[in-house]
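Trainee: Need the 3D shape of this:
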Amino acid sequence: MMFSPDLSDVAKMSRTFAIKTYGCQMNVYDADKLRTVLKFMGWDELSDSQDPDLVIITGCSVRAKAEQKVWSELGLFEKSWQKNHRPYVALTGCVAQRLGVRALARFPWVRLVAGPRHIGQIPKNLEQVLENRKLRVNLLDTDPREFFALDFNFDDSNAEILRENKYKAYITIAHGCDNFCTYCIVPYVRGRFVSRKSEDIINEARALLHDGVLEITLLGQNVNSYGKDSGEMRFSDLLRKVANLRSEGLRRLRFVTSLPQDFTEDIVEVMASEPVICPSLNLPVQSGSNRVLKLMNRKYTREEYLEKVAFTRAKVPDLGLTTDLIVGFPDESETDFEDSLRILQEVRFDLVHSAAYSERDGTPAAKMSGALPVEERLRRLTHLNELQDSITLDINQKLVGREFEILVDAPAPKGENLLQGRTPSDKVAIFAGDPDLIGKFVNVKITQAEAWCLHAELL
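Mentor: Next up is the predicted model:
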């Protein structure tokens, strides 16, 4: 089921909106899709400080901290609402699927909640909300694991593609997840795994390249599962198909995220043989302990994980390898935690996205015995981060003196006249340069290293 905008009444309407995005790249992608359709329908985008009619909040619910940010953000509208009953707020993304009617009940300014599988219905319902000021819309199913993905369908192929970054773009290749890791809320808020048609993905990539995009990242909760539900093709086949768009302007191709049990040799072979595919990989290990991996319902062992890392590094030189890791999982012993520290030392990841375990209501892990005190979880997290920071710094320091080609994608967040871009292995490089270089490929030489970035000079 798709939503195709009816433009017959657009001229009669005056609509303004702002979008605020929290959390993962999938939320950025969804927000860009909403932004594009609303602009196409005649809405005007403002900043949230310019008093728009509507603020759309798209947020993540995977971790408790991200969800708390959204709750806090919703509360900030109370003063404006009491003064002039503006703006209306729409809550979208997996946080909407999880908070649902609670957000409607608690905040009268929330006028629509829509989970990620209902994104195609949102523009039509936003029009209805602003037409009927008393209307409040709840686009949620009772069992989100069973509903199917909705997408937009543009009648105008020349519609401008809007996104946060003009030169880099995301493409979601699949929705949802079927793995049901015991700690993870994703299957309950993003639904069962559904692959998009490869033709739609390629057409979207071509449109982005035609619009000036130089780097594309393929997105999925587990990209490696692509095609298993439809039988159309494997992820490695799709990856090669997108990589072949280099003749149409694609300069760099990345993908996230890979689940270890489905990360197979055919994917590595494509990475090694296609020059536009960046030598970077996020391969979440989640724990270095086989016992904890089993409790997490992760369908691989520590030993299998290490074998995949060794094979990939042998085939893909200069691989930038990152991972996700949880500490303080229920019943995680000190020995289990030490196994996680050891896997950091053995693999020597470029970066670790670490987190102290936080209970997510509705997941099996939330009901497990052996919950660790929050203080102990944070102690372990601090210890792990200190170890990883030292490893990352050591890896980065060995890059000093090397030269890389980077795509300049934005001004650096701090410092005057500084720009930033990423190396092929996905390390942030910061250097002095003219803003006119944004959107261009340049060569830089690394002059200094920190744990979180590289400093460079323009060649």
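Trainee: which residues in the chain form helices?
Mentor: Along the chain, the stretches classed as helices by DSSP state H are 25-40, 64-75, 78-84, 94-99, 101-106, 122-131, 186-189, 198-210, 235-243, 265-273, 290-295, 302-315, 334-347, 374-397.
Trainee: list the buried ones in the first one?
Mentor: When you say that, I think you mean helix 25-40. The neighbour-count check on helix 25-40 (16 or more other CB atoms under 10 Å) flags 26-38, 40 as buried. Placement of C-beta: from N, CA and C, glycine included.
Trainee: pLDDT on it, on average?
Mentor: Mean pLDDT, helix 25-40: 82.
Trainee: name the helices or strands packed onto that helix?
Mentor: strand 16-21, strand 44-45, strand 54-58, helix 122-131, strand 151-152, strand 168-172, strand 215-219 (3 or more CB pairs under 8 Å, 6 or more residues apart in numbering; DSSP states H and E).
Trainee: repeat that with 7 Å
Mentor: strand 16-21, strand 54-58, helix 122-131, strand 168-172, strand 215-219 (3 or more CB pairs under 7 Å, 6 or more residues apart in numbering; DSSP states H and E).
Trainee: most neighbours per residue, which of those?
Mentor: Compared across these, strand 54-58 shows the largest average neighbour count, a mean of 25 (mean count of other CB atoms under 10 Å).
Trainee: hang on, E204 packs against T172?
Mentor: No: if you go by CB atoms under 7 Å, E204 and T172 don't touch, sitting 9.2 Å apart.
Trainee: circling back to that earlier point, how about CSV for the helices of the chain, with distance to G227 added?
Mentor: Below are the helices of the chain laid out as CSV (distance: least, CB to CB, whole Å):
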stretch, distance to G227
helix 25-40, 19
helix 64-75, 30
helix 78-84, 46
helix 94-99, 23
helix 101-106, 35
helix 122-131, 28
helix 186-189, 19
helix 198-210, 8
helix 235-243, 6
helix 265-273, 12
helix 290-295, 26
helix 302-315, 20
helix 334-347, 28
helix 374-397, 34
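Trainee: Deepest in the core, which of the ones you listed is it.
Mentor: Comparing the helices of the chain by mean neighbour count (mean count of other CB under 10 Å), helix 94-99 comes out on top with a mean of 26.
Trainee: what does it rub up against?
Mentor: With CB atoms under 7 Å, 6 or more residues apart in numbering as the test, helix 94-99 has contacts from 59-61, 67, 70, 91, 113-116, 140, 144, 185, 189-190.
Trainee: Torsion angles phi and psi at K197?
Mentor: Backbone torsions for K197, taken as degrees, to the nearest 10, come to phi -70, psi 140.
Trainee: ok, so what distance separates the nearest residue to it once chain neighbours are set aside from S273?
Mentor: Of all residues not flanking K197 in the chain, E232 sits nearest, at 7.1 Å (CB to CB, 6 or more residues apart in numbering). If you measure E232 against S273 using CB to CB, to the nearest Å, the figure is 22 Å.
Trainee: and what of G59?
Mentor: Distance of G59 to S273, given as CB to CB: 38 Å.
Trainee: that older thread, quick check, nearest of the buried residues of helix 25-40 to N224?
Mentor: Closest approach to N224 among the buried residues of helix 25-40 (CB to CB): M26, at 16.0 Å.
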